[in-house]
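>>> Provided below for reference: sequence and predicted model.
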Amino acid sequence: MKLKKEKILLVDNSDNLRRVIKDYLELSEFNVVDFKNGIDADNNFQQGSFDICIIDVVMNDCDGFELLQTFRKVDKNVPIIVLSSLSSKEDRIRCFNLGCDDYVTKPFSIEELCLRVNAILRRCNINQSRKYQTEDELVRFGNFTLNYTELSLIHPKETRILTRKECELLKLLLDHKNKLVPREIILREIWTDEENASSRSMDVFMTKLRSYLIVDAEEFILPKQPKQRKVKYQKGFVPQVEIRNIHGTGFMIQVRE
């Protein structure tokens, strides 16, 4: 059985402190991906899959509070520990309101930070549910394979790395393959309650997923005409996989075996 190390995203402006934290956590059997600035951390968080995040909210290149809020919107479940030189009650309350799970004031004990990481992971059952993993979670449909663990959509012609939300949305549709998934269910499961008003965002994501699946039938697409909104195929061609919009109701991923 393969031992899987928990993956930690670490972002802190200080090279020395970040290196010390990274070294200690790696000695404690964690897989640490570290970043000096919030922009790179955000880009990698959008593309990757992490078990826990440790972020400094006082950074030079971006507002750390906004970064915390962005992380929480992208993933409502991932544990987040805030590191900060700000010690006021107001700053602590602000971070907890934005979705952090713990707040550690600088200076701090690296050993204590590691114990906090383990405690949070233990409470979230990540140690028990993810520590031992024999294989990636794969979902095969048509000529595609969704690797949910690695956030990748695999086709014989290409492999595409999905964002976390794209992957979760596609997985939800595949869990209900060839069945209608109502719009309100999609919004509730994939988006947070605060984002439920933005059904337009859901439509944008669906359009992206449709374009990713066209690779299976791109040679059968008719030339685009003015004001044409939907992809049209040659007469008689039926794609093996497609996402259908049931107008005003919801979406369905149709897989023809």
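Structure's in. What do you need?

>>> so who does the residue most central in space within the chain touch?
The centre of the chain sits closest to residue 164, judged by Cα atoms, centre = their mean, with a distance of 2.5 Å. Residue 164 is in contact with 46, 47, 48, 49, 74, 75, 151, counting by Cβ atoms under 8 Å, 6 or more residues apart in numbering. Where you see a C-beta, it was placed from the backbone N, CA and C, and this is true even at glycine.

>>> Just to check, the first one is in contact with residue 74?
Right, the one you point to is residue 46. Yes - the pair residue 46 / residue 74 is scored as a contact, 6.4 Å apart, by Cβ atoms under 8 Å.

>>> Need the overlap of contacts for the two.
Both residue 46 and residue 74 are in contact with 163, 164, where contact means Cβ under 8 Å, 6+ apart.

>>> what about residue 253, which SS state?
strand (DSSP: H, G, I helix; E, B strand; the rest coil).

>>> Return the set of residues that bridge with it.
On the basis of DSSP bridges, residue 253 is bridged to residue 243.

>>> circling back to that earlier point, would you list the buried entries among the contacts of residue 164?
46, 75, 151 (16 or more other Cβ atoms under 10 Å).

>>> Model confidence for the first one, exactly?
pLDDT recorded at residue 46 is 81.

>>> check contacts around it.
74, 163, 164.

>>> Near the second one, how many other residues are there?
Burial of residue 163 is recorded as 16 neighbouring residues (other Cβ atoms under 10 Å).

>>> what about the closest residue to it other than its chain neighbours, which SS state?
Distance criterion Cβ to Cβ, 6 or more residues apart in numbering; nearest residue to residue 163, sequence neighbours excluded, is residue 46 at 5.3 Å. Residue 46 carries the three-state label helix when classified by three-state DSSP.
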